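Peer 1: quick one: sequence and predicted model below, then my questions.
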Amino acid sequence: MKAIVVTDQAAGTAGMTLVERPEPPAAINDVVVQVHASGFVPTELTWPSTWADRADRDRTPSIPGHELAGVVAALGYGTTGLSVGQRVFGLADWHRDGTLAEYVAVEARNLAPLPGDVDFTVGASLPISGLTAWQGLFEHGRLQAGQSVLVHGAAGAVGTMVTQLAREFGAYIIGTGRAADRQKTLDFGAQEFVDLGNDALEDVGGVDLVFDVIGGDIQRRSAGLIRAGGTLVSVVGPTEARPTDGLAVDFVVESDRGQLGEIVQRVREGRLRTNIGNVATLDDAVAALNPTERRKGKTIIRVRP
C-alpha cells in the first residue's frame with residue numbers, strides 16, 4: 001500500500017515521504033480499514049508516541065495521522081460490533097501506525113459508524129477536533145448553561161468546534177485569535193472577539209471556563225480571569241498556571257464511540273459545521289502538509305477519490 005512515513009523527528013513535516021508499505025494485519029479486536037480520508041494534526045510530530053511504542057522502543061519509520069474515515073476491509077479475531085463493508089470513522093491509536101495510508105489497523109472500540117449521508121472528507125475532519133471540544137467542555141470543564149467561555153484559537157479546527165458546542169449548551173463565547181480571524185470566529189458563533197495582537201485580554205473580565213490551545217503567557221494571563229469555581233482546560237500539556245479559586249485540567253483526547261455518534265448526528269442535522277481548509281490527495285499530501293502560508297481550517301488528505 002501507499003503510505004506517508006516519517007523517520008526523523010528533527011525534520012518535522014519536511015521529513016515526510018510517500019513510500020510503499022505492507023498492508024497491516026488485523027490483530028485481536030482490530031479492524032483493518034480501507035482509508036478514504038485522513039486527518040493530520042501538525043503537533044503530532046512532537047508527540048513521543050509518534051516515534052516510540054508503549055514500551056518506549058523506536059518504531060520508525062512510522063506512519064502519522066490519527067483521524068480517519070473509510071470502510072471496514074477485515075476483522076481481527078474476536079472483533080465484534082462492526083462488519084466488513086461498513087462505513088466508519090474515528091481515532092487510531094497514538095502508538096501505532098496511523099491513517100496517512102491506504103489501510104490502517106485500528107481497535108474496533110475506537111471507531112463509530114459513519115452515516116451514508118456524511119462524506120468521508122467530513123468524517124475524517126471530526127474525531128480529534130470534535131472529541132477534544134466535547135471532552136474539554138463537558139467532561140473536564142463541566143460546562144453549564146449561562147456560563148461564559150474564553151476560547152483560544154477560536155478560528156482553528158478545535159476552536160470552531162468548542163464555540164459551536166458551547167453555544168448549543170447555552171454558554172456565552174468570547175473567542176480569541178489574530179486580527180484576520182475575527183469574522184470567522186464570529187461566524188462560527190462567538191459573541192465577542194479578542195485580537196491577541198492588539199486587544200488587552202484582561203479587558204474580557206471574569207469568565208467561568210477557559211479552553212486553552214496555546215499555553216505559555218496566554219495561559220498564565222487567562223488563569224487570572226477565571227471566576228471562583230471556574231476551570232482552566234488545556235490541551236497543550238500540564239498547566240503552568242492555576243486559577244486562584246478554581247481547577248486546572250489538562251487532558252489527552254480519547255476515542256469514544258458514543259461521543260462520535262453525538263458529533264456526527266449534529267453535523268447531519270446542520271447544527272455543527274466543520275472547518276475544513278485544504279483537501280489533497282495522498283500523492284500530494286507531503287506538499288499539502290508543508291504549507292507555505294498559514295492554514296485556514298483543517299487539512300484533509302483524501303486517500304481515495
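Peer 2: Yes, it's here.

Peer 1: just the helices in this protein please.
Peer 2: Assigned by DSSP state H, the helices in the chain fall at 48-51, 120-125, 127-134, 157-168, 182-187, 216-223, 257-268, 285-288.

Peer 1: distance to Val151, mean pLDDT and mean neighbour count added to those, as JSON lines?
Peer 2: From N, CA and C alone the C-beta is placed, and that goes for glycine too. Output for the helices of the chain, formatted as JSON lines (distance: least, C-beta to C-beta, whole Å; pLDDT from 0 to 100; neighbours: other C-beta atoms under 10 Å):
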{"stretch": "helix 48-51", "distance to Val151": "26", "mean pLDDT": "92", "mean neighbour count": "16"}
{"stretch": "helix 120-125", "distance to Val151": "18", "mean pLDDT": "98", "mean neighbour count": "25"}
{"stretch": "helix 127-134", "distance to Val151": "9", "mean pLDDT": "98", "mean neighbour count": "25"}
{"stretch": "helix 157-168", "distance to Val151": "5", "mean pLDDT": "97", "mean neighbour count": "25"}
{"stretch": "helix 182-187", "distance to Val151": "8", "mean pLDDT": "98", "mean neighbour count": "17"}
{"stretch": "helix 216-223", "distance to Val151": "11", "mean pLDDT": "95", "mean neighbour count": "17"}
{"stretch": "helix 257-268", "distance to Val151": "17", "mean pLDDT": "98", "mean neighbour count": "17"}
{"stretch": "helix 285-288", "distance to Val151": "27", "mean pLDDT": "93", "mean neighbour count": "19"}
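
Peer 1: so which of the ones you listed is nearest Asp30?
Peer 2: helix 257-268 (15.3 Å; C-beta to C-beta).

Peer 1: any idea of the angle that closest one forms with helix 127-134?
Peer 2: Here helix 257-268 runs at an angle of 100 degrees relative to helix 127-134 (axes from the mean of the first three to the mean of the last three C-alpha atoms, to 10 degrees).

Peer 1: with just CA atoms, put helix 257-268 into PDB.
Peer 2: Taking Å, rounded to 0.1, in the frame of the first residue of the first chain, the C-alpha atoms of helix 257-268 are listed here in PDB:
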ATOM      1  CA  ARG A 257     -18.000   5.800  20.100                       C
ATOM      2  CA  GLY A 258     -21.000   7.400  21.800                       C
ATOM      3  CA  GLN A 259     -19.500  10.900  21.600                       C
ATOM      4  CA  LEU A 260     -18.500  10.400  17.900                       C
ATOM      5  CA  GLY A 261     -22.200   9.500  17.300                       C
ATOM      6  CA  GLU A 262     -23.400  12.700  19.100                       C
ATOM      7  CA  ILE A 263     -21.000  14.800  17.000                       C
ATOM      8  CA  VAL A 264     -21.800  13.300  13.600                       C
ATOM      9  CA  GLN A 265     -25.500  13.500  14.300                       C
ATOM     10  CA  ARG A 266     -25.200  17.200  14.900                       C
ATOM     11  CA  VAL A 267     -23.300  17.500  11.600                       C
ATOM     12  CA  ARG A 268     -26.100  15.700   9.800                       C
END
